[in-house]
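# next comes the sequence, and after it the predicted model I'd like to discuss.
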Amino acid sequence: MPRPLQGLVAIAEYGSKFDADAAVAQLQRAGIDATPSYDPALNSVATYFASDRTVEVLVREADVEAAVAALEDGSRGLPPEFTEDWEPQPSAARTTARTWIIGYLVLMLLLIVGGLVLVAIA
């Protein structure tokens, strides 16, 4: 079992390596040394097998309070579009593609049924 790095404290936990890396970058911009925890399963080709894993952001014990404050202040200054709750809407392209696929499947079904009817009649 791996030993935790001495002097480092987990201050945040994220569901993906991308989110943890973004938090680490934010802390580094604030002048705080930080690193994400390492889990080989999250670096694999099939990361969805590790979906129950989390990535922690680690900082030195002396930087804990400043790091927590920096992460809490991270959303300040963002436009409202980034901080408000929103409902995803289906795109027009996706709706159009779905319509074409359904139409194609209905056409194929009609051709198969029509062919079976012609074979039964003959």
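Yep, that arrived. Numbering: from 1, shown residues only.

# list the buried residues of stretch 23-38.
The neighbour-count check on stretch 23-38 (16 or more other C-beta atoms under 10 Å) flags Ala23, Val24, Gln26, Leu27, Ala30, Ile32, Ala34, Thr35, Pro36, Ser37 as buried. Backbone N, C-alpha and C define where each C-beta goes, glycine included.

# and that stretch, end to end?
Taking C-alpha to C-alpha, to the nearest Å, the first and last residues of stretch 23-38 lie 15 Å apart.

# with stretch 66-80 instead?
Start-to-end, stretch 66-80 (C-alpha to C-alpha) is 25 Å.

# and what of stretch 12-19?
End-to-end distance (C-alpha to C-alpha), stretch 12-19: 11 Å.

# what comes up buried for it?
Ala12, Tyr14, Lys17, Asp19.

# one more: stretch 64-71?
Ala67, Ala70, Leu71.

# coming back round to it: what is the nearest of the buried residues of stretch 12-19 to Ala62?
Using C-beta to C-beta, Ala12 comes nearest to Ala62 of those, at 16.9 Å.

# sorry, back to before: filter the buried residues of stretch 12-19 down to the ones in helices?
Lys17, Asp19 (DSSP state H).

# closest to Leu58 out of the buried residues of stretch 12-19?
Ala12 (9.3 Å).

# just send the buried residues of stretch 12-19 back as JSON lines, with distance to Arg53 and pLDDT too.
Shown next, in JSON lines, are the buried residues of stretch 12-19 (distance: C-beta to C-beta, whole Å; pLDDT from 0 to 100):
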{"residue": "Ala12", "distance to Arg53": "15", "pLDDT": "90"}
{"residue": "Tyr14", "distance to Arg53": "10", "pLDDT": "85"}
{"residue": "Lys17", "distance to Arg53": "9", "pLDDT": "83"}
{"residue": "Asp19", "distance to Arg53": "12", "pLDDT": "85"}
